[in-house]
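Undergrad: pasting a predicted model and its sequence here:
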Amino acid sequence: MSLLKTIETGLRSLLGHRLRSVLTTLGILFGVAAVIATVGIGQASSDSVTARITSLGTNLLTISAGSTVSAGVFGGAGSANTLTMADVRGLQDKVSAPDIGAVAPVTQGRASIVSSSANWSTTVSGSTDGWLVTNTRTIGSGTFFNANDVATRAQVIVIGTTTASNLGAGVGDIVLVKQIPFQVVGVLAPVGSQGFGNQDDLAVIPITTAQDELFGGGVQRILLSATSAGTIGSAYLEANQILLQTHHLSDPSQADFTITTQTQVLSTAQAVTQTLTILLASVAAISLLVGGIGVMNIMLVSVTERTSEIGLRKALGATPVDLFRQFVIEAGMLTALGGLLGVATGLAVGYIVPRAANIAVTITALPVLVAVGVAVVVGLIFGVYPALRAARLAPIEALRAQ
Amino acid sequence: MPASEELIHLDSITKVYGAGDGAVAALQEFSLTVASGESLAVMGPSGSGKSTLMNILGCLDTPTSGRYWFAGQDVSRLNETELAHVRNRRIGFVFQQFQLLPKLSAWRNVELPLLYRNVRDRRSLALQALDQVGLSNRVDHRPSQLSGGQQQRVAIARALVTNPDLILADEPTGNLDTASSRDVLAVIRELNEQGRTIIIITHDPEVAPVAQRTVHVRDGRLVEQVAA
């Protein structure tokens, strides 16, 4: 029997059981759509995490307090304030730390800021003039405070654009932070909300002022920038050496601080999103498998139902190969149709979800092709067994079944 | 070797179903010769082995032992695919249950055997065959829209369309009333008069006279031959 005629016969038989064909197709449809959508969402979140972290600068290091061992008890990172301004001065030493560029100690907390017209609660960081560089930020209007402001505990404040608009305050205005007046000297250039939280809703004041008037003496973390992305490794070693010295530690394993690079953060985050994507895609792939089993189920029903038709066709001269081909092609058509509709549904999800739920979806060609390919292969594989059953039916037995 | 005018030559055919103690011989040392252009009725009660004989004759099954020459070719040892080709090219079947596909129109049903040999002009061949059985005004009807006799005539057209050497009819009137039976038998007789070899398997004594010769089967053996 010619291939075209086989396909036509298959179509006729599928159309003869319209509802059944549609339901079988749905199994494959959802499987393929789920694979495309989950991989798309995973890809998008991976992209956005990478973009966020890369935008924070790849030559940056963060020193966090913690990992203390006191009386034999190991404390996790951040469990104690072990960082001091002495560490900061050590790190700023160009002789022992030639590869370290800017150094910015940070102590931060939430505080209410009051302007003449509004009241706004936000994150207030105490830092030094190195803050801009180590956060890869730029100033939009006015200026950032300088080393002299830090030294003199000046009551000056730099705010983000969101904070500025919520307070209705600009450069030159006076705002109150915990009843203490600060003069706004600068407003940061906006970066959008592409960070962890809104990076335009914040305030920065000299660390000396913050320690004395707001949050007390400690340093929560120290931000460093290497002189370039290429020297980040030696900057890491220098920072580690200096802190071990200033903390009077001879054994590096006793270090009461942790240094992380953005690269580390990046690879961790990528590993996490990748794992999640694989997990989700596996679940979706299982639904594809279930769809395939549905196809096999229906094809088996079809073979049983059409036993006498198979017998007749055999008596009229259909060879085992003819019948095998017939049923494999029917299974293949069911899955191919399900696969195509699944792609359409997956693409529709990729179009609707970002608009309806603010979840980014990145559809790439590979998962689409793989999903359709897998669907068709699944259909053919699961079609083979029923087709073999059809091909092996003895014509007399089959004719007798009615 | 069988003579050339012989279409069918069965030489001590034995067919055994099952194995060991449960083995049943449906045909035993069965020999039969049918000449080309002859019409033959095979009669026998149920359980006599005539269905087995029909399956062997129709190349739907192979004998356990013995030889079967069909048009000079030994078909008793062919594999399934080769048997399918023999059935398709040389044998037309007419069944008691008609065996028409309910979703296909009359001419689509008649066309079926042609699909398995990639013939062109299938429609015109099918229409010709339907014309031969007097159904040229019913080509687009579905089986459910036809009477029993008409359905069986569609089945005969389907058996005819490949221009086979042999038409094998298994109880062709078993499901028909008297008038329809007469119609169908008339068509079969006419085909024989045009020179086609016909074998009718039946237990109905009224059917047998259509054939030139009648053989009786009992307990898997040939018991008597009657010349008409």
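TA: Yes, it's here. Numbering: from 1, shown residues only, chains lettered A, B, ... in the order given.

Undergrad: using the three-state scheme, assign the most centrally placed residue in chain B.
TA: Centre of chain B computed as the mean C-alpha position; nearest residue by Cα atoms, centre = their mean is B:L168, 1.1 Å away. Following DSSP: H, G, I helix; E, B strand; the rest coil, B:L168 is assigned to strand.

Undergrad: what score does it have for pLDDT?
TA: The per-residue pLDDT reported for B:L168 equals 94.

Undergrad: as a check, name the ranges of all strands in the chain.
TA: If you meant another chain, say so; for now it's chain A. In chain A, the segments counted as strands under DSSP state E are A:60-65, A:69-70, A:73-74, A:100-114, A:119-127, A:139-142, A:156-159, A:174-177, A:180-188, A:202-206, A:221-226, A:257-261.

Undergrad: meant chain B actually
TA: Counting by DSSP E, the strands of chain B are B:6-17, B:24-35, B:39-43, B:65-70, B:73-74, B:91-94, B:166-170, B:197-202, B:213-218, B:221-227.

Undergrad: so which residues of the stretch 251-400 of chain A form helices?
TA: Using DSSP state H, counting those that start in this stretch, the helices of the stretch 251-400 of chain A run over A:262-305, A:307-315, A:320-357, A:365-392, A:395-400.

Undergrad: any idea which of those helices is most buried?
TA: By mean neighbour count, with neighbours taken as mean count of other Cβ atoms under 10 Å in any protein chain shown, helix A:307-315 ranks first of those at a mean of 23. To be clear about C-beta, it is placed using only N, CA and C from the backbone, and glycine gets the same treatment.

Undergrad: what about residue 185, how many residues nearby?
TA: Picking chain A for this. A:V185 has 21 neighbours, counted by other Cβ atoms under 10 Å in any protein chain shown.

Undergrad: hm, I was asking about chain B
TA: With neighbours defined by other Cβ under 10 Å, the count for B:L185 comes to 20.

Undergrad: kindly report the same for B:S147.
TA: By other Cβ under 10 Å, 14 other residues sit near B:S147.

Undergrad: please name the nearest non-neighbouring residue to it.
TA: Sequence neighbours aside, B:S180 is the residue nearest to B:S147 in space, at 6.8 Å (criterion: Cβ to Cβ, 6 or more residues apart in numbering or on different chains).

Undergrad: any idea how far that neighbour is from chain A?
TA: 20 Å (Cβ to the nearest Cβ, to the nearest Å).

Undergrad: and B:R158, by the same measure?
TA: Distance, B:R158 to chain A, using Cβ to the nearest Cβ: 7 Å.

Undergrad: look up how far A:G317 lies from that residue.
TA: Separation of B:R158 from A:G317 (Cβ to Cβ, to the nearest Å) stands at 11 Å.

Undergrad: now the chain, which segments are flagged as low pLDDT?
TA: In the absence of a named chain, chain A is used. Within chain A, the segments meeting pLDDT under 70 span A:56-57, A:66-81, A:192-197, A:401-402.

Undergrad: try chain B instead
TA: For chain B (pLDDT under 70), the answer is B:1-4, B:225-228.

Undergrad: helices of that one, start to end?
TA: Here chain B has its helices, by DSSP state H, at B:50-57, B:80-90, B:106-115, B:122-132, B:148-160, B:178-193.

Undergrad: give the burial count for B:R196, as a bare number.
TA: Neighbours of B:R196 using other Cβ under 10 Å come to 21.

Undergrad: give me the neighbour count for residue 160.
TA: Looking at chain A here, since you left the chain open. With other Cβ under 10 Å as criterion, A:G160 counts 24.

Undergrad: the chain in question should be chain B.
TA: Count around B:L160 with other Cβ under 10 Å applied: 24.

Undergrad: ranking the strands of chain B by burial, who's on top?
TA: Ranked by mean neighbour count under mean count of other Cβ under 10 Å, the strands of chain B are led by strand B:91-94, which reaches a mean of 27.

Undergrad: that one pairs with which strands?
TA: Strand B:91-94 pairs in its sheet with strand B:166-170 (parallel), by DSSP bridges.

Undergrad: so the strand it pairs with versus helix A:307-315, what angle?
TA: 160 degrees (axes from the mean of the first three to the mean of the last three Cα atoms, to 10 degrees).

Undergrad: any chance of the helices of the stretch 251-400 of chain A in JSON lines, with distance to B:A25 too?
TA: As requested, those are exported to JSON lines (distance: least, Cβ to Cβ, whole Å):
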{"stretch": "helix A:262-305", "distance to B:A25": "31"}
{"stretch": "helix A:307-315", "distance to B:A25": "24"}
{"stretch": "helix A:320-357", "distance to B:A25": "28"}
{"stretch": "helix A:365-392", "distance to B:A25": "25"}
{"stretch": "helix A:395-400", "distance to B:A25": "17"}
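
Undergrad: which residues of chain B lie near chain A?
TA: With Cβ under 8 Å from any Cβ of the partner chain as the criterion, chain B meets chain A at residues B:55, B:58, B:60-61, B:80-81, B:84-85, B:87-89, B:93, B:95, B:97, B:99, B:101, B:103, B:112-113, B:115-118, B:158, B:162.

Undergrad: just the buried ones among those residues, please.
TA: Buried members of these, scored by 16 or more other Cβ atoms under 10 Å in any protein chain shown, are B:55, B:58, B:60-61, B:84, B:87-88, B:93, B:95, B:97, B:99, B:101, B:112-113, B:115-116, B:158, B:162.

Undergrad: I'd say the residue nearest to the centre of chain B and B:I91 touch.
TA: Yes. Contact criterion Cβ atoms under 8 Å: B:L168 and B:I91 qualify, at 5.9 Å.

Undergrad: shared neighbours of those two, anything?
TA: The contact sets of B:L168 and B:I91 overlap at B:G58 (Cβ atoms under 8 Å, 6 or more residues apart in numbering or on different chains).

Undergrad: what sits against the residue of chain A found nearest chain B?
TA: With Cβ to the nearest Cβ as the measure, A:G317 is the residue of chain A nearest to chain B, at 2.2 Å. A:G317 is in contact with B:84-85, B:87-89, B:113, B:116-117, B:162, counting by Cβ under 8 Å, 6+ apart.

Undergrad: looking at those residues, spot the one nearest chain A.
TA: When these are ranked by distance to chain A (Cβ to the nearest Cβ), B:N88 comes first, at 2.2 Å.

Undergrad: phi and psi next, for the residue nearest to the closest one when sequence neighbours are not counted.
TA: Nearest non-adjacent residue to B:N88, counting by Cβ to Cβ, 6+ apart: A:G317, 2.2 Å away. Here is the backbone geometry of A:G317 (degrees, to the nearest 10): phi 120, psi 10.

Undergrad: B:D131 and chain A, how far apart?
TA: B:D131 is 20 Å from chain A, by Cβ to the nearest Cβ.

Undergrad: count the residues that sit near that residue.
TA: B:D131 has 13 neighbours, counted by other Cβ under 10 Å.

Undergrad: what parts of chain A come near chain B?
TA: Proximity of chain A to chain B, by Cβ under 8 Å from any Cβ, involves residues A:1-2, A:5, A:9, A:12, A:16, A:308-309, A:311-322, A:394-396, A:399, A:402.

Undergrad: residues touching the spatially closest residue to A:S141 that is not a sequence neighbour, list them.
TA: The spatially closest residue to A:S141, leaving aside those adjacent along the chain, is A:V187, at 5.0 Å (Cβ to Cβ, 6+ apart). Applying Cβ under 8 Å, 6+ apart to A:V187 gives the contacts A:139-142, A:158-161, A:164, A:170-171.

Undergrad: got a PyMOL select line for the buried ones in those residues?
TA: Remark: buried members of the contacts of A:V187, expressed as a PyMOL selection using 16+ other Cβ under 10 Å:
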select buried, chain A and resi 140+142+158+159+160+161+164+171
